[in-house]
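Student: Sequence first, then the predicted structure, then my questions.
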Amino acid sequence: MSEKQFEGKSAIVTGATRGIGKAIALELAKRGCNVAFNYASSADAAEEIKAEMEGLGVKAFADSCDVASTEEAANFVKQVKKEFGGLDFLVNNAGITRDNLILRMKEEDWDSVIDVNLKGAWNFSKAAVRLLMRNKTGGSILNISSVSGVVGMLGQSNYSASKAGMNGLTKSLAKEIASRKVTVNALALGLIETDMASEMNEEYREIILKEIPLGRLGNTQEVAEIACFLLSDSAKYITGQIIQADGGLAM
């Protein structure tokens, strides 16, 4: 792997102020990629990450954007084009959970998860596709999905539905734009060590660990490196695929 394999390239990573999105954004920057990312309310965190990226010698752009808004997503992509001159990669990472059994789940918990996780990915894909298709060498979209969208998880009817929808979006969009050398894949993650995972009940955590053949949770750096591979020239012949990185949890 060339240290600056993405030099001169530009990417958008949604929801990159913490966890998986932050790790992917920083790894792209370390490899020479200019990175734009949105934030919902963490302006201070966004500025810190932006400064860290710029310290790596790349251009960085951060702005507030509600991914569930078609208009805001389109405006964000326009700003990125103005800042970077073009776009090579889109990582649809922004996501939320509102877990509960369906009998206890409120309508707004369903709507908000579908709007952010699924509509958000559609909004940014729609806005970014024209830019990606203009590249002579093509481009890549990577949707950060979950094994919950592959097998379904108890108490996650909204989240599982959003990620299953994201998987369908991945396959459909991959067929639509393959002729323009743009690949579209999804990374279906298992349990990853993030702030969200650290809040997990210890007893439940032990139960889950017993279900993972590799016996541990994944970490954000592992995810970032897999993501960079799927965006790279080494993965140019991979499209429309749901790649599971879950320690064997859903097999």
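Tutor: All right, it came through fine.
Student: Show residues contacting the helix or strand hosting residue 49.
Tutor: Using DSSP states H and E, residue 49 sits within helix 43-54. Counting contacts by C-beta atoms under 8 Å, 6 or more residues apart in numbering, the residues outside helix 43-54 that touch it are 16-18, 22, 25-26, 29, 35, 37, 39, 60-62, 64. In short, each C-beta sits where N, CA and C put it, glycine included.
Student: Same check on stretch 232-244?
Tutor: The list of residues contacting stretch 232-244 from outside it, by C-beta under 8 Å, 6+ apart, reads 5-6, 138, 140, 145, 147, 150, 167, 170-171, 174-175, 178, 181, 183-188, 190, 226, 229-230, 250-251.
Student: Of the residues you listed, grab the buried ones for ChimeraX.
Tutor: Taking 16 or more other C-beta atoms under 10 Å as the burial criterion, the selection of buried members of the contacts of stretch 232-244 in ChimeraX is written as:
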select :5,6,138,140,145,147,150,167,170,171,174,181,183,184,185,186,187,188,190,226,230,250
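Student: Which of the contacts of stretch 232-244 fall within strands?
Tutor: With strands identified by DSSP state E, the entries of these that belong to them are 140, 145, 183, 184, 185, 186, 187, 188.
Student: Return the residues in contact with the second one.
Tutor: Okay, so that is residue 145. By C-beta under 8 Å, 6+ apart, residue 145 lies in contact with 163, 166, 167, 170, 186, 187, 188, 189, 242.
Student: could you redo the last one with a cut-off of 10 Å?
Tutor: 92, 95, 117, 121, 162-167, 169-170, 185-189, 242-244 (C-beta atoms under 10 Å, 6 or more residues apart in numbering).
Student: give the contact list for the residue lying closest to residue 190 once chain neighbours are set aside.
Tutor: Spatial nearest neighbour of residue 190, excluding adjacent residues (C-beta to C-beta, 6 or more residues apart in numbering): residue 246 at 2.7 Å. Neighbour list for residue 246: 146-147, 150-151, 188-192, 212-214, 217-218 [criterion: C-beta under 10 Å, 6+ apart].
Student: hmm, back to that, buried residues of the helix holding residue 49, list them for me.
Tutor: Of the residues in helix 43-54, those buried by neighbour count under the rule 16+ other C-beta under 10 Å are 46, 49, 50, 53.
Student: What of stretch 191-199?
Tutor: For stretch 191-199, burial by neighbour count (16+ other C-beta under 10 Å) applies to 191, 192, 193, 194.
Student: mind listing the strands for this structure?
Tutor: 10-13, 34-39, 60-64, 89-92, 139-146, 182-189, 192-193, 218-219, 242-245.
Student: so what strands line up beside the second one?
Tutor: Read that as strand 34-39. strand 10-13 (parallel), strand 60-64 (parallel) (DSSP bridges).
Student: CSV for the ones you listed, including mean pLDDT and mean neighbour count?
Tutor: Written out in CSV, the entries for these read as follows (pLDDT from 0 to 100; neighbours: other C-beta atoms under 10 Å):
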stretch, mean pLDDT, mean neighbour count
strand 10-13, 98, 28
strand 60-64, 97, 19
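Student: Out of those strands, which gets nearest to residue 127?
Tutor: Ranking those by their distance to residue 127 (criterion: C-beta to C-beta) puts strand 10-13 first, at 9.2 Å.
Student: For that closest one, C-alpha coordinates in PDB please.
Tutor: Listed next in PDB are the C-alpha coordinates belonging to strand 10-13 (Å, rounded to 0.1, in the frame of the first residue of the first chain):
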ATOM      1  CA  SER A  10     -11.400  13.800  -2.700                       C
ATOM      2  CA  ALA A  11     -14.000  12.100  -0.400                       C
ATOM      3  CA  ILE A  12     -17.100  12.800   1.500                       C
ATOM      4  CA  VAL A  13     -17.700  10.800   4.700                       C
END
